[in-house]
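A.B. asks: Provide a 3D model corresponding to the input given below.
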Amino acid sequence: MTDYVLQAEDVAIHYGGVKAVDGVSFTIQPGETLGLVGESGCGKSTVGRALLRLYEPTAGRVVIEGDDIATLTPEALRLKRPSMQMVFQ
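C.D. replies: Numbering: from 1, shown residues only. Predicted structure coming up:
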């Protein structure tokens, strides 16, 4: 087991020539809460969707509870999804 719940390393989402998200990195330890704050249209929801693998990142790596979500099979991802959540405010 890892010492973090979630680790994002240089996550990027690009649409053609548009860099919607570029190089986002952070780690969430057990018991911590992360709030992602910014202006409308700055990429908050896009980051969240990439972390949940609802969007495929153009670059970077997302590890949730020790599992690199990019390498999970569709079945393994389906089983993991109930423990993953984004909360919109």
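
A.B. asks: can you give me the helices for the chain?
C.D. replies: Using DSSP state H, the helices found in the chain span residues 44-51, 74-80.

A.B. asks: List the contacts of the longest one.
C.D. replies: Put plainly, it is helix 44-51. 6, 8, 11, 13, 20-21, 24, 36-38, 55-57, 60, 62, 64, 69, 84, 86, 88 (C-beta atoms under 8 Å, 6 or more residues apart in numbering). C-betas here are computed from N, CA, C, even on glycine.

A.B. asks: again with the last one
C.D. replies: Residues outside helix 74-80 that contact it (C-beta under 8 Å, 6+ apart): 53, 64-65, 67, 69, 72.

A.B. asks: Select, from the residues you listed, the two members most distant in space.
C.D. replies: The most widely separated members of the contacts of helix 74-80, counting by C-beta to C-beta, are Arg53 and Glu65 (13.6 Å).

A.B. asks: so what pLDDT did the most centrally placed residue in the chain get?
C.D. replies: Central residue of the chain (C-alpha atoms, centre = their mean): Leu51, 1.6 Å from the mean position. At Leu51, the pLDDT value in this model is 94.

A.B. asks: What's the separation between it and Val21?
C.D. replies: 10 Å (C-beta to C-beta, to the nearest Å).

A.B. asks: List just the one of the helices of the chain that sits closest to Gln29.
C.D. replies: helix 44-51 (15.7 Å).
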